[in-house]
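Participant: here's my sequence, what's the structure:
(2 chains)
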Number of protein chains: 2
Amino acid sequence: MTSFRAAMPDARHAYSELIDFARGCLLALDVDSEIAAVVARRVVDADLYGHSTHGLALLPRYLQEISQGATARRGQIRQLSEKGGCLLWDAGMLPGHWVMDQAIRAALRRAPQQGIVSVAVRHSQHIGALQVYLPDLTEAGYMGVLWATDTKVRSVAPFGGLDPVVTSEPIAAGIPTRGTPILIDTTTSLTSNSQVKQVQARGERLPWPVLLDAHGCATDDPGALAGDAPGSILPLGGVTHGYKGYALAMLVGAMSLGLPGLGRLSGEKAQGFLLQVIDPDAFAGKEAFLDEMQALADATRASRPIDPSRPVRAPGDAAWARAARQRREGVLIGPDIKAGLAGWARQLGMAFPPPLP
Amino acid sequence: MTSFRAAMPDARHAYSELIDFARGCLLALDVDSEIAAVVARRVVDADLYGHSTHGLALLPRYLQEISQGATARRGQIRQLSEKGGCLLWDAGMLPGHWVMDQAIRAALRRAPQQGIVSVAVRHSQHIGALQVYLPDLTEAGYMGVLWATDTKVRSVAPFGGLDPVVTSEPIAAGIPTRGTPILIDTTTSLTSNSQVKQVQARGERLPWPVLLDAHGCATDDPGALAGDAPGSILPLGGVTHGYKGYALAMLVGAMSLGLPGLGRLSGEKAQGFLLQVIDPDAFAGKEAFLDEMQALADATRASRPIDPSRPVRAPGDAAWARAARQRREGVLIGPDIKAGLAGWARQLGMAFPPPLP
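Facilitator: Down below sits the predicted model:
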């Protein structure tokens, strides 16, 4: 794999052409055109922000799920209930990027009246990278918190345990400031399933021993997660403090599967999520909120770095800067991602866009 | 210190007598009788649940703050606004245990109508251990999430940084099940200020290198946090993954100081918090929620332990069992805690209750 990568280095591609490619693939599989446009943009946005494990790398999987009928090509999201700022949706296995996009729109419409809007969603397909949705909220002056997970994936064991129960159970939050927003997107485990798979496919080792093998020993071997005697991903906090990360994982489970009422008990394979959009004006007001959050971000960035060559950043700073640069100069796409799409492109009569000169 | 501890081992004291002692001390300082009763019980509840760093160990500090006027003895919490399920309170530096108790009552009253009630509070005094409030919510069938912090304490540096910006920024959450509730109470740092101080007072070392010294090197020396060149507490995730914990810490700051509109910018010394009470009936319903959460807790406890002598527990299991036992058999109180209270007891004419036979 290393020689393949060396022979075909990452190349930059025009943002809009990548979106056109993804949309073309979706349309070729008869996905509704409005849905295809949104999904294509959100998928490429993951690469734009630097989440290369959750962008075009997952498009082959998405196309497979569509072609097999596991993802709906069109249809309505059903609103099962609405009470105050609380909404319950059944997304009917529509593409998660579309579902999240619609949830954001619904929440933004209601936020000025309700103060906090919470949309609990079941039967969503995969949502992709959570961070890419946050600027929609922060640019409107709102804070957004996103709890999401999968009903079926079990890769993270409880602290002190061998058998995995949950998965990386991510939390994302967008916090507006007077400048660059704080864009938090983190797992409650030490790594994600996608990263483990990507590292394994490249024949590499994980940068840290973030897995446990089947005997409960920490390892950096990505192969420990699969195989006949599968291990697990360590919760955030690792072998000494993983009870903290696992506790937070259970909170994510309550929010994203418990409230929508479709979780691991169901035996179904789907994603669940809870989107909370919070209007600071329903509390002490936008001005006080923005001042405090800007000061927090400033103090964070002003903390003297341990390594003088690595200034301290606020969450999302790197992704925000990368997105701005890649929008201008093109989005870096690795050769393994393009290789993974080659079969689908051929089958659907689509050409992957050429690298920028 | 070690010889002192060996000479005076922990002893059990009757729960109700400890509360009477704490209430007596508060009343002797002219604290309103209703407030004193609530504060005394919540303080002792921290010891009851096993949070010995956040119970009677803090009573000398609370008494000091009352006697100096930093904590109000009586007065009304002011409700500054109410919109939908969103409330903003100014607690006028009343004791935090009382303020939280009142916030819980206000939220419980509104939850059936609103679905989610969020109470943002500024100018609270210290709230103590967050876990002790959660059963009030779970026993009523609600989920509760509690974000809290302090405007002034700076002990946790951002990932890769030397200068502390935030503190342990805790998150607590109570999740009802069909049996024992899940009672999450965790910091977004690897330890709390109180634990570091307690370990230092005992002349011990921390169990893990959870601090950074002034040069950014990990250490288990509790003295590294204070002194002329203070270090910091590592965020959850530590030296390799602390960006995750620090990101969550910023989220806690946004919730607990940003929304109440009084944070580190103010220069004031106070606690801020956001209490969210969530009614599963506003989403997919209590039955589905309880089933899913019970299954999650069961699967967690059923995970085969790495060490066969240490079964896997769900968050709160140990505290819940300890509280039940200590209610019956008496609450363990360490000699250093009693020594710390001796001066106040003398001054206020109170006698610490005798150990149980």
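
Participant: in the stretch 51-200 of chain A, which spans are helices?
Facilitator: Counting by DSSP state H, counting those that start in this stretch, the stretch 51-200 of chain A has helices at residues A:59-67, A:96-114, A:134-138, A:193-201.

Participant: list the beta-bridge partners for the closest residue to residue A:329 other than its chain neighbours.
Facilitator: Nearest-residue entry for residue A:329: residue A:12, 6.1 Å, with adjacent residues in sequence omitted and distances by Cβ to Cβ, 6 or more residues apart in numbering or on different chains. No exception for glycine: its C-beta is placed from N, CA and C like everyone else's. Beta-bridge partners recorded for residue A:12 (DSSP bridges): residue A:332.

Participant: just say which of the helices of the stretch 51-200 of chain A is most tucked in.
Facilitator: Greatest average neighbour count among those goes to helix A:134-138 (a mean of 23), per mean count of other Cβ atoms under 10 Å in any protein chain shown.

Participant: contacting residues around it?
Facilitator: Under the criterion Cβ atoms under 8 Å, 6 or more residues apart in numbering or on different chains, residues A:104, A:108, A:143-144, A:146, A:172-176, A:181, A:183-185, A:277, A:316 lie in contact with helix A:134-138.

Participant: show me what counts as buried in stretch A:148-160.
Facilitator: Buried positions in stretch A:148-160, judged by neighbour count with 16 or more other Cβ atoms under 10 Å in any protein chain shown: A:148-151, A:153-160.

Participant: chain B next: which of the residues you listed are close?
Facilitator: The residues of those that also fall near chain B, by Cβ under 8 Å from any Cβ of the partner chain, are A:157-160.

Participant: how about JSON lines for the residues you listed, with pLDDT added?
Facilitator: Listed next are those as JSON lines, based on pLDDT from 0 to 100:
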{"residue": "A:157", "pLDDT": "98"}
{"residue": "A:158", "pLDDT": "98"}
{"residue": "A:159", "pLDDT": "98"}
{"residue": "A:160", "pLDDT": "98"}
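
Participant: pick the one among these closest to residue A:80.
Facilitator: residue A:158 (31.3 Å; Cβ to Cβ).

Participant: please name the residues that touch the closest one.
Facilitator: By Cβ under 8 Å, 6+ apart, the residues touching residue A:158 are A:165, A:235, A:246, B:300, B:303, B:312, B:314.

Participant: nearest to residue A:95, of those residues?
Facilitator: Taking the contacts of residue A:158 together and measuring to residue A:95 by Cβ to Cβ, the closest member is residue A:165, at 27.2 Å.

Participant: what's the farthest-apart pair in the contacts of residue A:158?
Facilitator: Checking these with Cβ to Cβ, the most distant pair is A:235 and B:314, at 13.1 Å.

Participant: circling back: between the ones next to chain B among the buried residues of stretch A:148-160, which is closest to residue A:120?
Facilitator: The closest of those, once distances to residue A:120 are taken by Cβ to Cβ, is residue A:158, at 24.4 Å.

Participant: which parts of the stretch 201-350 of chain A are strands?
Facilitator: Ranges of strands within the stretch 201-350 of chain A are A:211-212, A:218-219, A:232-233, A:271-278, A:331-333, based on DSSP state E, counting those that start in this stretch.

Participant: okay, these in JSON lines with mean pLDDT and mean neighbour count next?
Facilitator: Shown next, in JSON lines, are the strands of the stretch 201-350 of chain A (pLDDT from 0 to 100; neighbours: other Cβ atoms under 10 Å in any protein chain shown):
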{"stretch": "strand A:211-212", "mean pLDDT": "98", "mean neighbour count": "26"}
{"stretch": "strand A:218-219", "mean pLDDT": "97", "mean neighbour count": "17"}
{"stretch": "strand A:232-233", "mean pLDDT": "98", "mean neighbour count": "26"}
{"stretch": "strand A:271-278", "mean pLDDT": "98", "mean neighbour count": "28"}
{"stretch": "strand A:331-333", "mean pLDDT": "97", "mean neighbour count": "24"}
